[in-house]
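Asks: Build me a structure from this.
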Amino acid sequence: FIRSLSAIGLLISFYLVDHLFQVKFHRRHYLFIIFMALAGFILSPLYFIYPNYDKILHLVMPAMFGSIVFYMASKLKLELKWKVFFTFFVILGVTGLFELGEYYLDVLFDLKLQGVYIRDISGIERLNILQDRIDDTMIDMALGLLAAAVYVWSVYFIKKKKMKIERKNNFKK
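Replies: Okay, here's the model as predicted:
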């Protein structure tokens, strides 16, 4: 029930930000948010069945989130390098906040969000730890950093190439 409410809350929040602030997100951004809600909240029991599920999400989701942030930053009157710079550090900041959130949810409710656990065959409530909390957090943050770096690096060079082609085409006219 809580997972479902969290997923619905994320979707509604994204929709409200889009319409109240007139951001005009594209369909792909809505697909990214739907994926994040499903993978992060609805399918969260997979964390305890497949140990690398968390690592995959920490590699994929920052890039999706980066697309959303870069789209918003692209509306600002800034040079491309500053839009990319801004996007990179927003992704890193959100990754850090997310890990802090995991920490506090673990402290308050013992949800086992930090660390890598796998269900024991002796019972559904029994969990075996595969990776301790601090190692898991550092690896998650490193994966977020890697995903952010790959995303902004690729966006920067793709946009630079497009700008170069546009200048070349305008010069020919």
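Asks: For the lowest-mean-pLDDT helix or strand in the chain, what is the distance to the chain centroid?
Replies: Each helix and strand of the chain was given a mean pLDDT (mean pLDDT, DSSP states H and E); the minimum falls on strand 123-131 at a mean of 80. Distance of strand 123-131 from its chain centroid, counting by CA atoms, centre = their mean, to the nearest Å, is 26 Å.
Asks: Which other helices and strands does that strand contact?
Replies: Counting contacts by 3 or more CB pairs under 8 Å, 6 or more residues apart in numbering; DSSP states H and E, strand 123-131 packs against strand 116-120. All C-beta spots, glycine's among them, are computed from the backbone N, C-alpha and C.
Asks: Okay, now the sheet partners of the strand it packs on, with direction.
Replies: strand 123-131 (antiparallel) (DSSP bridges).
Asks: Could I get the buried residue list for the least confident helix or strand of the chain?
Replies: Q131 (16 or more other CB atoms under 10 Å).
Asks: right, and L105 touches L111 too?
Replies: Yes - between L105 and L111 a contact is recorded at 5.1 Å, counting by CB atoms under 8 Å.
Asks: Can you check what angle separates the helix or strand where F70 lies from strand 123-131?
Replies: Here F70 sits within helix 53-73, counting by DSSP states H and E. For helix 53-73 against strand 123-131, the angle by axes from the mean of the first three to the mean of the last three CA atoms, to 10 degrees is 70 degrees.
Asks: contact partners of helix 53-73?
Replies: Residues outside helix 53-73 that contact it (CB atoms under 8 Å, 6 or more residues apart in numbering) are 23, 25-26, 28-29, 32-33, 35-36, 39-40, 43, 46-47, 83-84, 86-88, 90-91, 94-95, 116, 136, 139-140, 143-144, 146-148, 150-152, 155.
Asks: Can you show me the helices along this structure?
Replies: Counting by DSSP state H, the chain has helices at residues 2-20, 27-37, 53-73, 80-109, 133-172.
Asks: Can you tell me which of those is packed in deepest?
Replies: Highest mean neighbour count among the helices of the chain (mean count of other CB atoms under 10 Å): helix 53-73, with a mean of 20.
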